[in-house]
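> The sequence and its predicted three-dimensional model are supplied below.
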Amino acid sequence: MTARSVKWWALVHKWTSLICTLFLLMLCITGLPLIFHDEIDELFKSEVSARDLPVDTPQAPLSRLIEAARTRHPQRYVQVLGWDDDRANIVNVFLSKTPEAPPGERFLKLSFDSRTAELIGEDAQQDGNLMRTIRIFHRDMLLGLPGELFLGFMGLLFVAALVSGVVLYAPFMRRLRFGTVRRDGAPRVKWLDLHNLAGAVTLVWLLAVGVTGVINTISLPLFSAWRAEVMPELIAPHLGKPPPAGWADVDDVVAAARRALEDNTPTSIIFPTVARFGTPRHFIVWTKGSTPITARLFTPAMLDAETGQLVTARGLPWYLRALQVSRPLHFGDYGGLPLKIIWALLDLAAIIVLASGIYLWLGKRRSPRLATGAQDRSPVAATSGIPP
């Protein structure tokens, strides 16, 4: 590369790193416990499991569970029914205070034994759960959508810092063997080599986590775009008609969804509502596949609220599929505990990269003489993006 191009890439690396480093460091620190969120939740879980019954005990009709939920809280409205991923034979029913369930309203969760329709737990979904608070802070810094989009922009800067760092590291590799750490001379030189080495070794993982993190931050706009594309078409035949006199039986609705997507398993049912999740004219039955990969890919079946007949069961667009794949990849949440341990080690390496970058920048500002010393004269050392 020419001296001018090296200087340009150094400026890109310098400012993208400076702007995003502290936020990325926060994300790496809060992301570390989230890698093991299942194990941590299980450790502190106080929820009651379903009692032991014979294996061949049949499942109770879902309508019976819905009726039990309405009887217990007649002033509330059923919004969602979901099969519990972590507890066998448990079905959760979520109720809201208002029919529309506006954004921000917390649901009341009732947990039932799916075989006996026995109520075994009630959760008001308070904010006191530590892991939930960490998860929200990691997602949007407790600022909602603006915080999500801001962190997404920081993720883009992080990807730019990684790419520019690779460009600057390439000419350095022509002069020294890969992995060389110069231990003689100024301590800053050694830390510079360790910073570059750790960044190079974890590059692919850092890029994957950075890109998937950016995708996750735009999940709400992506879902809103899908709704804007699909919902008007579904609502159009019902415009001008009176609201449905009643809902179809929920068991018939699930049976129709199973027939339409016979290779998939239902995971949740969105009841007819106005604004938050679906439409006032349709049930939405979300389903997932049975293989390790397709179990992360969800497909909705939409059914008429009054008749229970299937309206559509087409797959999601590519951008929502990319979102579904990015979520487990971001946290290493698809290969069991061994992969989570690898993700945690890589996360610690990323923390070292970010922290060492801050250390090198502060050290360079305190000691300009060392920053330009003879031990530090190489394309990557002189313009490595450690800001002067």
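Received the coordinates, thanks.
> now the residue lying closest to residue 156 once chain neighbours are set aside: how far from residue 328?
In space, residue 156 comes closest to residue 214 once its chain neighbours are excluded; the distance is 5.9 Å by Cβ to Cβ, 6 or more residues apart in numbering. In short, each C-beta sits where N, CA and C put it, glycine included. Using Cβ to Cβ, to the nearest Å, residue 214 is found at 16 Å from residue 328.
> Kindly report the same for residue 120.
29 Å.
> Same check on residue 84?
Applying Cβ to Cβ to residue 84 and residue 328 gives a distance of 19 Å.
> Next: residue 162.
To residue 328, residue 162 is 22 Å away according to Cβ to Cβ.
> quick one, which of the two is more surrounded?
Taking neighbours as other Cβ atoms under 10 Å, residue 162 and residue 328 compare with residue 162 leading, 22 against 17.
> Tell me which residues of the helix or strand harbouring that one come out buried.
If you go by DSSP states H and E, residue 162 is part of helix 145-173. Neighbour-count burial for helix 145-173 flags 147-149, 151-152, 154-169, 172 (criterion: 16 or more other Cβ atoms under 10 Å).
> Check for me that residue 55 belongs to a strand.
No: assessed with DSSP: H, G, I helix; E, B strand; the rest coil, residue 55 is coil; it does not lie in a strand.
> so how many other residues sit close to it?
If you count neighbours by other Cβ under 10 Å, residue 55 ends up with 5.
> Identify the residues contacting the residue nearest to residue 156.
Applying Cβ atoms under 8 Å, 6 or more residues apart in numbering to residue 214 gives the contacts 152, 155-156, 159.
> Make sure it is indeed in a strand.
No: secondary structure of residue 214 (three-state DSSP): helix, not part of a strand.
> can you map out the strands along this protein?
Taking DSSP state E as the test, the strands found in the chain are 77-83, 90-96, 108-113, 119-123, 265-270, 282-288, 298-304, 310-312.
> Out of those, which gets the lowest mean score?
Of all those, mean pLDDT reaches its minimum on strand 119-123 (a mean of 88).
> quick one: contacts of it?
Strand 119-123 is contacted by residues 47-50, 68, 72, 90, 108-113 when judged by Cβ under 8 Å, 6+ apart.
> Excluding chain neighbours, what is closest to the residue most central in space within the chain?
Among the residues of the chain, the one closest to the centroid is residue 327, at 4.2 Å (Cα atoms, centre = their mean). Excluding the flanking residues, the one nearest residue 327 by Cβ to Cβ, 6+ apart is residue 216, at 6.2 Å.
> and the one you found, how many residues sit next to it?
For residue 216, the tally of surrounding residues (other Cβ under 10 Å) stands at 20.
> I figured residue 115 hits residue 57, correct?
Yes: here residue 115 reaches residue 57: they are 4.8 Å apart, a contact under Cβ atoms under 8 Å.
> So for the two, which residue has more residues nearby?
Using other Cβ under 10 Å as the criterion, residue 115 and residue 57 rank with residue 115 on top: 17 against 13.
> so what's that one up against?
By Cβ under 8 Å, 6+ apart, the residues touching residue 115 are 50, 53, 57-60, 89.
> Apply 7 Å and report the result again.
Residue 115 sits next to 53, 57-60, 89 when contact means Cβ atoms under 7 Å, 6 or more residues apart in numbering.
> Quick one, which of these are buried?
Among the contacts of residue 115, those scoring as buried are 60, 89 (criterion: 16+ other Cβ under 10 Å).
> Kindly reformat the contacts of residue 115 as a markdown table containing distance to residue 272 and pLDDT.
Converted to a markdown table, those look like this (distance: Cβ to Cβ, whole Å; pLDDT from 0 to 100):
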| residue | distance to residue 272 | pLDDT |
| --- | --- | --- |
| 53 | 33 | 89 |
| 57 | 31 | 91 |
| 58 | 28 | 93 |
| 59 | 23 | 94 |
| 60 | 22 | 95 |
| 89 | 27 | 91 |
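> for the contacts of residue 115, which one is nearest residue 315?
The closest of the contacts of residue 115 to residue 315 turns out to be residue 59 (Cβ to Cβ; 27.5 Å).
> which phi and psi does the closest one have?
phi -80, psi 140 (degrees, to the nearest 10).
> thinking again about what came up before, from the contacts of strand 119-123, pick the one nearest residue 266.
Using Cβ to Cβ, the contacts of strand 119-123 come closest to residue 266 at residue 90, 14.4 Å.
> need the strands of the chain in JSON lines with distance to residue 135, can you?
Converted to JSON lines, those look like this (distance: least, Cβ to Cβ, whole Å):
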{"stretch": "strand 77-83", "distance to residue 135": "18"}
{"stretch": "strand 90-96", "distance to residue 135": "18"}
{"stretch": "strand 108-113", "distance to residue 135": "17"}
{"stretch": "strand 119-123", "distance to residue 135": "16"}
{"stretch": "strand 265-270", "distance to residue 135": "19"}
{"stretch": "strand 282-288", "distance to residue 135": "21"}
{"stretch": "strand 298-304", "distance to residue 135": "20"}
{"stretch": "strand 310-312", "distance to residue 135": "32"}
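> Could I get these in TSV, plus columns for mean neighbour count?
Shown next, in TSV, are these (neighbours: other Cβ atoms under 10 Å):
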stretch	mean neighbour count
strand 77-83	21
strand 90-96	22
strand 108-113	21
strand 119-123	15
strand 265-270	19
strand 282-288	23
strand 298-304	23
strand 310-312	16
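> closest one to residue 239 among those?
Judged by Cβ to Cβ, the one of the strands of the chain that comes nearest to residue 239 is strand 282-288, at 14.0 Å.
> Given the closest one, what are its sheet partners and their directions?
Strand 282-288 sits in its sheet next to strand 265-270 (antiparallel), strand 298-304 (antiparallel), going by DSSP bridges.
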